[in-house]
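Colleague: Fold the following.
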Amino acid sequence: MTRKIFIKTYGCQMNAYDSARMADVMAPHGYAVADSADDADMVVLNTCHIREKAAEKVYSELGRLRVMKRERASEGRQMIIAVAGCVAQAEGEEMQRRSDAVDIVVGPQVYHRLPELVAKLGHGRRVLDTDFPTVDKFDSMPQTTRVDGPTAFLTVQEGCDKFCTFCVVPYTRGSEYSRSVVQIENEARHLVDLGVREISLLGQNVNAFHGVGPDGEVWGLGRLIRYLARIPGLYRLRYTTSHPRDMDDDLIAAHADEEKLMPQLHLPVQSGSDMVLDAMNRGHTGDDYRRLIERIRAARPDIMFSSDFIVGFPGETDADFEATMGLVREIGFAQSFSFKYSSRPGTPAAAARKQIAEDVKAARLQRLQELLNEQEAHYLRASVGLEVDILLEKPGRFEGQMIGRSPYLQPVHVVAPGYAIGDVARVRITTVMSHSLGADLVSSFAPAAVAI
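Modeller: This is a model prediction of the structure:
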């Protein structure tokens, strides 16, 4: 009997990867993927603890699902509700106490046990598993059977040892762990066999990757990228999210040497103030970050950067905030993500004195976002006239139109008769839209040659 599972994903790309793998784990046990909770026998909320009020959003969704579950029960039908991810790891017992609708709570390190946890469910019995097992969960999962288009994420590293004072990741994902190169290569080749042409390597601190290679030596991310680039049919490689402290010489050199590594890098700095960076326990100064940007640009002059920023961190003064604005103006970012500081229970910053008033945080965030939006618009305008290769990812709104991504991760709209999803087209950028670009084909149908 085929049953259906619906997985709602909150937060980061790694959660999206984990959700796909949970579906893979459940497939051999008779669960097909549903489009919505309304059509599902099992619902999984894969949660994120990074953003403000993350847990409350989950409880709100659980309230809606609780009503649905009761309606199903009155009709004699079962509905299993599971909560996974970082909120589950941090607040699992509290979650089960607050919501009697939750059958299963499973942490991000043990979701490969989901079929086993479902089997344990009995009348009136609920299950919680938030262990940090020594057994590699990736060894316990089947190969994925489906992909969504020509791009895919591939987790190569998990966890974090940095202990930034605002972040819960070390507590919910555990210490840094890297998969073996052989394991990563096998998954990458399988994804390419399924039609994937671009792979983004994922990790909480992906450039801290230190996996064992086929030669028995410990490899860094730069060496892993060069190795994966040899896979036939794989056109592009990216990686996210990086920490400035882990950008070593070999990885920087890979940006100069490896054509398949795209010239776009997400490198969070969080603040331009040395005082705030020290309070955050980031382990670098504003000038350290500037020098690192210079080294990467020297290796790959056409590279574009994106970053993360937190405003209103405890103790942040007007001068500290202006230091952040100054760093942004000096470096220039093609895209960025900025947030008001919000405390995460259990982190050192949550107990810090000198919490910043909400209106001050809001005003600072507005100013920063205005500057970041201006810079994004500048980079889009500067793209007009450029010839670039775009990987076509999906149909556009109009007949014959397709949408792809430039090497710089910018969405590009183009009318491309004869092309198919997964092809690489050579285009000339002609127009700028609010957060994307328009382009014309440089020539008629002829997918751009990609070295393999």
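Colleague: where does this protein dip in pLDDT?
Modeller: For the chain, applying pLDDT under 70 flags the ranges 50-54, 123-124, 133-137, 140, 444-452.
Colleague: In it, what residue spans correspond to helices?
Modeller: In the chain, the segments counted as helices under DSSP state H are 13-26, 54-74, 85-98, 114-120, 169-172, 181-193, 221-228, 249-257, 274-279, 286-299, 318-331, 358-382.
Colleague: could these go into TSV alongside mean neighbour count and distance to V427?
Modeller: C-betas here are computed from N, CA, C, even on glycine. Compiled in TSV, the helices of the chain are given as follows (neighbours: other C-beta atoms under 10 Å; distance: least, C-beta to C-beta, whole Å):
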stretch	mean neighbour count	distance to V427
helix 13-26	20	26
helix 54-74	15	39
helix 85-98	21	38
helix 114-120	17	43
helix 169-172	21	38
helix 181-193	18	24
helix 221-228	22	26
helix 249-257	17	23
helix 274-279	20	40
helix 286-299	16	25
helix 318-331	17	28
helix 358-382	15	15
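Colleague: ok, V156 - contacts?
Modeller: 178-179, 184, 201-203, 206, 209, 211, 221, 224 (C-beta atoms under 8 Å, 6 or more residues apart in numbering).
Colleague: Same question for A323.
Modeller: Counting by C-beta under 8 Å, 6+ apart, A323 touches 271-274, 276, 286.
Colleague: now swap in F313 and tell me
Modeller: 166, 271, 276, 279-280, 341, 349, 356.
Colleague: Which one, of the helices of the chain, ends up nearest to D423?
Modeller: Closest to D423 of those is helix 181-193 (C-beta to C-beta; 14.9 Å).
Colleague: Centre of the chain to the closest one, how far?
Modeller: Remark: helix 181-193 is offset 19 Å from the chain centroid, using C-alpha atoms, centre = their mean, to the nearest Å.
Colleague: ok, residues contacting that helix?
Modeller: 138-139, 143-144, 147, 152, 154, 156, 199, 201, 211-214, 219, 224, 227-228, 231-234.
Colleague: Bridged to the closest residue to T431 other than its chain neighbours, which residues?
Modeller: Nearest residue to T431, sequence neighbours excluded (C-beta to C-beta, 6 or more residues apart in numbering): G438, at 3.6 Å. The bridge-partner assignment for G438, based on DSSP bridges, gives H413, T431.
Colleague: next one: Q270
Modeller: F309.
Colleague: My read is that it contacts R282, right?
Modeller: Yes - in this structure, Q270 is within contact of R282 by C-beta atoms under 8 Å, at 6.3 Å.
Colleague: any residues in contact with both of the two?
Modeller: In contact with both Q270 and R282: C164, using C-beta under 8 Å, 6+ apart.
Colleague: The contacts of helix 181-193, buried ones only, as a ChimeraX selection?
Modeller: Of the contacts of helix 181-193, the buried ones can be selected in ChimeraX as follows, counting by 16 or more other C-beta atoms under 10 Å:
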select :138,144,147,152,154,156,199,201,211,213,219,224,227,228,231,234
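Colleague: now A382: how far from G404?
Modeller: Distance, A382 to G404, by C-beta to C-beta, to the nearest Å: 19 Å.
Colleague: do the same with D35
Modeller: Distance from D35 to G404, by C-beta to C-beta: 25 Å.
Colleague: How about L62?
Modeller: For L62, the distance to G404 - C-beta to C-beta - is 38 Å.
Colleague: quick one: contacts for the closest residue in space to K4 that isn't next to it in sequence?
Modeller: Residue nearest to K4 in three dimensions, not counting chain neighbours: A34, with 3.9 Å by C-beta to C-beta, 6+ apart. Neighbour list for A34: 4-6, 40 [criterion: C-beta under 8 Å, 6+ apart].
Colleague: 6 Å instead?
Modeller: 4, 6, 40 (C-beta atoms under 6 Å, 6 or more residues apart in numbering).
Colleague: Which of those residues ranks first by neighbour count?
Modeller: Within these, most neighbours by other C-beta atoms under 10 Å means A40, with 23 neighbours.
Colleague: so that residue sits right up against R3, yeah?
Modeller: No - using C-beta atoms under 6 Å, A40 is not in contact with R3; the gap is 8.4 Å.
Colleague: anything in contact with each of these two?
Modeller: By C-beta under 6 Å, 6+ apart, no residue touches both A40 and R3.
Colleague: Can you give me the buried ones in stretch 421-440?
Modeller: 421-427, 429, 432, 437-439.
Colleague: R3 and M26: what is the separation?
Modeller: 9 Å.
Colleague: Then E176?
Modeller: For E176, the distance to M26 - C-beta to C-beta - is 28 Å.
Colleague: same question, M42
Modeller: Applying C-beta to C-beta to M42 and M26 gives a distance of 8 Å.
Colleague: what do those two both touch?
Modeller: I5.
Colleague: Buried subset of the contacts of F313, written for ChimeraX?
Modeller: Selection of buried members from the contacts of F313 for ChimeraX, criterion 16+ other C-beta under 10 Å:
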select :166,271,276,279,280,341,349,356
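Colleague: Look up which residues are beta-bridged to Y239.
Modeller: L201.
Colleague: for the stretch 101-250 of the chain, what spans make up the strands?
Modeller: In the stretch 101-250 of the chain, the strands defined using DSSP state E, counting those that start in this stretch lie at 104-106, 127-129, 151-155, 157-158, 177-178, 198-202, 211-212, 218-219, 236-240.
Colleague: Tell me which other helices or strands the third one touches.
Modeller: The elements that strand 151-155 packs onto, with contact taken as 3 or more C-beta pairs under 6 Å, 6 or more residues apart in numbering; DSSP states H and E, are helix 13-26, strand 198-202.
Colleague: Compute the inter-axis angle for the longest one and strand 151-155.
Modeller: Relative orientation of helix 13-26 and strand 151-155, computed by axes from the mean of the first three to the mean of the last three C-alpha atoms, to 10 degrees: 90 degrees.
Colleague: Tell me the helices and strands packed up against helix 13-26.
Modeller: Short answer (3+ C-beta pairs under 6 Å, 6+ apart): helix 13-26 packs on strand 3-9, strand 151-155, strand 198-202.
Colleague: one more time with 7 Å, if that's ok
Modeller: strand 3-9, strand 42-47, helix 114-120, strand 151-155, strand 198-202 (3 or more C-beta pairs under 7 Å, 6 or more residues apart in numbering; DSSP states H and E).
Colleague: Could you export the ones you listed as a markdown table, including distance to F321?
Modeller: As requested, those are arranged in a markdown table below (distance: least, C-beta to C-beta, whole Å):
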| stretch | distance to F321 |
| --- | --- |
| strand 3-9 | 33 |
| strand 42-47 | 31 |
| helix 114-120 | 44 |
| strand 151-155 | 33 |
| strand 198-202 | 31 |
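Colleague: among these, which is nearest V87?
Modeller: Per C-beta to C-beta, nearest to V87 of these: strand 42-47, 3.6 Å.
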